[in-house]
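Visitor: structure for this input, please:
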Amino acid sequence: MSDNAQANDVADLAEDLHAAPTSVTTAEQVVAFACRELGADYGGVTLVRKGGRLETVAPSDPIVARADALQVELDEGPCHDSAEFQDAFVTPDMSRETRWPRWAPRAVELGIHGALASSLAGVDGRRVGSLNLFWREPHAITSDDIAYASIFTRHAAIAIESAQTQEGLRTALDARKLIGQAQGILMERHGLTGDQAFDVLRRYSQDHNIKLREVAEQLVETRALPGDGSHS
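Guide: So this is what the prediction gives:
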């Protein structure tokens with residue numbers, strides 16, 4: 001494929017990614033594009049969640065989910081290291097791999113013999129995760145392949161980060177709406193002010209170690225606070 005054709009494909013991908021409604025949908029598009037362009041048999045995305053926890057999304061095959069779960073379990077592997085150190089890790093022949101002595105043999109048992117992990121970094125350098133590609137047979141991965149993967153993972157990281165931000169905002173708005181509804185129920189039932197109703201929810205959340213949003217959701221759905229056994 002010519003450089004111009006590759007550039008056009010990446011530009012088209014970038015438009016599609018930013019139009020995707022969720023971060024998972026974005027990841028699915030990235031995986032499908034990467035597998036097609038680089039001829040990988042399997043692909044997935046590892047996202048860095050709160051507290052540094054790694055989560056696999058958009059696996060193209062159950063083998064990907066299993067391989068990534070093993071990386072988390074064993075604390076080693078190309079996707080694990082790519083997400084951790086924000087670098088690309090390549091293995092053309094997994095049977096000869098020595099960097100991950102516990103994971104590599106398990107990967108071979110799963111039928112993975114080639115791997116490319118390209119990091120996903122946000123606009124401010126924040127660790128977003130890693131794009132993970134696997135081959136069933138040993139596969140010669142060129143410097144051009146790595147460079148090409150790096151180009152579209154830059155677009156992917158920004159799109160995924162943007163989608164995550166939007167999801168967070170939607171979650172926050174939904175939570176505010178639920179809390180407002182729960183306040184209204186308490187105000188009507190007990191003649192409380194809005195501030196007093198919020199204090200009731202907040203104290204219940206703290207005393208019972210239940211998230212405020214969950215307390216509000218339970219009250220809205222059942223007209224009772226969790227565990228109080230009363231329904232209107």
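Visitor: how far away is residue 142 from residue 136?
Guide: 19 Å (Cβ to Cβ, to the nearest Å). All C-beta atoms are positioned from the backbone trio N, CA, C, and that covers glycine.
Visitor: do the same with residue 104
Guide: Remark: distance between residue 104 and residue 136 (Cβ to Cβ) = 15 Å.
Visitor: neighbour count winner among those two?
Guide: Per other Cβ atoms under 10 Å, whichever of residue 104 and residue 136 has more neighbours is residue 104, with 23 against 14.
Visitor: residue 89 is in contact with that one, correct?
Guide: No: if you go by Cβ atoms under 8 Å, residue 104 and residue 89 don't touch, sitting 11.7 Å apart.
Visitor: restricting to C-alpha, output stretch 134-146 in PDB.
Guide: Taking Å, rounded to 0.1, in the frame of the first residue of the first chain, the C-alpha atoms of stretch 134-146 are listed here in PDB:
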ATOM      1  CA  PHE A 134      -1.400 -11.500  17.600                       C
ATOM      2  CA  TRP A 135      -0.500 -14.000  14.800                       C
ATOM      3  CA  ARG A 136      -1.100 -17.800  14.800                       C
ATOM      4  CA  GLU A 137       2.200 -18.400  13.100                       C
ATOM      5  CA  PRO A 138       5.700 -16.700  13.500                       C
ATOM      6  CA  HIS A 139       5.400 -13.400  11.700                       C
ATOM      7  CA  ALA A 140       8.100 -11.000  10.500                       C
ATOM      8  CA  ILE A 141       7.100  -7.600  11.900                       C
ATOM      9  CA  THR A 142       8.900  -4.800  10.100                       C
ATOM     10  CA  SER A 143       9.900  -1.300  11.300                       C
ATOM     11  CA  ASP A 144       7.300   0.100   8.800                       C
ATOM     12  CA  ASP A 145       4.600  -2.000  10.500                       C
ATOM     13  CA  ILE A 146       5.600  -0.600  13.900                       C
END
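Visitor: residues contacting it, please?
Guide: By Cβ atoms under 8 Å, 6 or more residues apart in numbering, the list of residues contacting stretch 134-146 from outside reads 38-43, 63-64, 67, 88, 90, 92-95, 107, 111-116, 118.
Visitor: mind checking which of the residues you listed are buried?
Guide: Buried residues within the contacts of stretch 134-146, counting neighbours by 16 or more other Cβ atoms under 10 Å: 38, 40-43, 63-64, 67, 88, 90, 92-94, 107, 111-116, 118.
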